[in-house]
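>>> The sequence and its predicted three-dimensional model are supplied below.
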Amino acid sequence: MSAIAGVAAAPVVGSAVGAADVDEEAELENEIESGGTVNLDSDTVYEVDDTIRVTGLDDLTLDGNGATVKIGPTTGYVFKLGISDDPIGDLTVKNFNIDLSTDGAGGRVFECHAADNLEVSDITVEGEHDTAGKGPMLVGLHTSDGSGTVSNVNLPDGGENSSSGYGGTGMFVSDNHTGEVTIRDCHIGPFPDNGLYCSNSEGEVHVEGGHFENCNVAGVRLDGDKCSLKDAEFEYDEDISGFDGQRPVRCDGGDIEIDDIHVDMSINQTEAIRVMSGAESVSIEDCSMDLHGEVRDAISVTTGAGSVTTSNNDISGEQRDDVYHY
């Protein structure tokens, strides 16, 4: 995306290095500056190793049109679209293929902060995220009535255990998220510091469908004013060196509904679902768990947690307890 150079007026745009010609660069720069729709060329491989940062926009649609963006060595941000204190009003990001095959291609590929409406869809990240800290994606809504959907985001290759279990997280929901976001039909592979991490006390997060594999800490980690997890699949079949707490689900806080998830777990871990002391209420219903490894408990409840109710769950295996209270 060769040199989309710094722009004096808002929005602020960083620099990048790559293969688009001058006319394409000028068009992209002008369109980003003015908002509206920015289209990438589907036949171009864009090489980016620096930050493209945008603030001060009412609306922006960034459409990759199926183009490939090859990330160079970086531990920073690539597409930083809004910030929590100055989000983009209406933000759409879609149709990207991201290549992380370069050594040191870590950092955050997309950071998406919207005020009112957020749509992120059809993004595939190929290659292992191999640096500590930031994971490939963060999303957030920053008004109380803001809403959005993140769908068909695929991060199958996960992340490298680059810092003793505290490498990248697949997808964050911003700590400053105050609206409502639905995360639908996403595929997240083994990341060392959670697959999908939703941890805040004000916004709503709803996870629908999707496939999560072998993540450390949790495949889905929930904490919000209201959260739900429905129809998702969790496959845990590989003990990964340095991943010392691989579990499908962790409930940290707030009111959480878990419904009709399927867990297939053959590794040796303490539990499939962990309810932490900060959780106010958790319901777990109509779930199936095939725990054919040395899984100690299906559901572990930490002392201090609020109400935990379970019903109509089909749990098989040799676990100590279906529900164990510490």
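In hand now; what should we look at? Numbers count the residues shown, from 1 in each chain.
>>> Verify the stated contact: residue 151 with residue 120.
Yes: with contacts counted by Cβ atoms under 8 Å, residue 151 reaches residue 120, the gap being 7.4 Å. Bear in mind the C-beta positions are built from the backbone N, C-alpha and C, glycine included.
>>> how deep is residue 200 tucked in, by neighbour count?
21 (other Cβ atoms under 10 Å).
>>> quick one: it from residue 177, how far?
5 Å (Cβ to Cβ, to the nearest Å).
>>> joint contacts of the two?
residue 224 (Cβ atoms under 8 Å, 6 or more residues apart in numbering).
>>> Scan the helices and strands of this protein for the one with the lowest mean pLDDT.
helix 22-34 (a mean of 56; mean pLDDT, DSSP states H and E).
>>> For the helix or strand following it, which strands pair with it and how are they oriented?
Going down the chain from helix 22-34, the next helix or strand is strand 36-39, by DSSP states H and E. According to DSSP bridges, strand 36-39 forms sheet pairs with strand 59-71 (parallel).
>>> Verify the stated contact: residue 158 with residue 212.
No: taking Cβ under 8 Å as the definition, residue 158 is not a contact partner of residue 212, at 10.3 Å.
>>> who touches both of these two?
residue 188.
>>> Look at residue 284 and give its secondary structure.
Residue 284 falls in the strand class when you classify it by DSSP: H, G, I helix; E, B strand; the rest coil.
>>> Give me the local confidence score for the closest residue to residue 317 other than its chain neighbours.
What sits nearest to residue 317 in space, not counting adjacent residues and going by Cβ to Cβ, 6 or more residues apart in numbering, is residue 291, at 3.1 Å. Looking at residue 291, its pLDDT reads 96.
>>> May I have the beta-bridge partners of residue 77?
With DSSP bridges as the rule, residue 77 is bridged to residue 108.
>>> quick one: residue 215 is in a helix?
No: using three-state DSSP, the secondary structure at residue 215 is coil, not a helix.
>>> That one: how many residues sit nearby?
Other residues close to residue 215 by other Cβ under 10 Å number 31.
>>> again with residue 154
By other Cβ under 10 Å, neighbour count at residue 154 equals 19.
>>> Pull up the distance across stretch 189-203, start to finish.
25 Å (Cα to Cα, to the nearest Å).
>>> Could you give the number of residues near residue 44?
17.
>>> Next up, the contacts around the residue nearest to residue 317.
263, 265, 272, 298, 315, 316, 317, 318, 319.
>>> ok, and the most crowded of the residues you listed?
residue 272 (28 neighbours).
>>> measure residue 289 to residue 313 for me?
7 Å.
>>> Can you check which residues contact both of the two?
residue 298.
>>> Now do the same contact list for the residue lying closest to residue 73 once chain neighbours are set aside.
With sequence-adjacent residues excluded and distances taken as Cβ to Cβ, 6+ apart, residue 73 is closest to residue 104, at 3.6 Å. Shown in contact with residue 104 (Cβ under 8 Å, 6+ apart): 73, 74, 75, 130, 131.
>>> In this structure the second one contacts residue 52, no?
Think residue 74. No: in this structure residue 74 lies outside contact range of residue 52 using Cβ under 8 Å: 11.6 Å.
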